[in-house]
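S.K.: pasting a predicted model and its sequence here:
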Amino acid sequence: MSALPLFLALVLAGSAVHKALSRDRLAAAAARLSGLDRHGQLVLIAAGCLELVAAVALLVPALRPTGTLIAAAVWLAYGAALLRLRGRTLDCGCDLVAREKPVDWPLIARPVALALLAVVVSLVPPTDFALDAPFAAAAMLALYLAASELLAIPHPRWRKS
């Protein structure tokens with residue numbers, strides 16, 4: 001197994017666990033993002049279940065195309081919801097902590113980039129398990145989380161949107 005599918009599975013599984021642990025805050029964020037004010041909890045559960053299914057499917061070579069399709073759909077829907085709310089300041093549920101921030105292009109690009117990575121994974125033939133894959137996936141996850149924290153810096157001089 002190469003590191004990229006494992007990285008995407010880690011992101012998806014981490015996101016699903018985050019939804020389960022912070023369900024009150026993230027239900028409100030899901031309601032805001034989806035526009036379904038009264039059904040935030042349902043949207044949250046559906047998204048978390050889809051993320052878990054996609055994560056497991058990415059780990060099984062025969063199911064990887066299905067997993068990449070589900071993951072790309074979830075991330076593209078999230079990107080479209082963020083695009084709809086572009087310019088507003090809100091807690092989008094993107095971070096592990098409650099943090100209101102403006103919905104700008106870098107924030108919108110993050111789920112779209114993950115969806116593109118899922119498409120890349122679907123196009124690459126599955127490989128055998130390699131001993132370095134978990135370490136590479138963990139390193140990619142650390143870089144992803146670090147980039148997420150950098151995006152949370154309010155009004156940095158280097159970022160214009």
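M.R.: Structure's in. What do you need?

S.K.: Leu63 is in contact with Ala57, isn't it?
M.R.: Yes - between Leu63 and Ala57 a contact is recorded at 4.0 Å, counting by Cβ atoms under 8 Å. Heads up, the C-betas are built off the backbone N, CA and C, glycines and all.

S.K.: now the helices for the protein?
M.R.: 3-21, 23-34, 40-59, 64-84, 105-123, 133-151 (DSSP state H).

S.K.: quick one: which of Leu63 and Ala57 has more around it?
M.R.: Ala57 (22 against 15; other Cβ atoms under 10 Å).

S.K.: for that one, list the residues it contacts.
M.R.: 63-64, 66-67, 70 (Cβ atoms under 8 Å, 6 or more residues apart in numbering).

S.K.: not counting sequence-adjacent ones, nearest residue to Leu12?
M.R.: Spatial nearest neighbour of Leu12, excluding adjacent residues (Cβ to Cβ, 6 or more residues apart in numbering): Ala55 at 3.9 Å.

S.K.: and the pLDDT at that neighbour?
M.R.: With respect to pLDDT, Ala55 has a value of 97.

S.K.: wait, it sits on Gly67?
M.R.: Yes - the criterion here is Cβ under 8 Å, and Ala55 meets it with Gly67 at 7.3 Å.

S.K.: and for those two, which residues touch both?
M.R.: Common neighbours of Ala55 and Gly67 (Cβ under 8 Å, 6+ apart) are Ala9.

S.K.: list the buried residues of stretch 25-43.
M.R.: Within stretch 25-43, the residues scored as buried using 16 or more other Cβ atoms under 10 Å are 25-34, 40, 43.

S.K.: tell me which of those residues is nearest to Leu150?
M.R.: Ala29 (20.7 Å; Cβ to Cβ).
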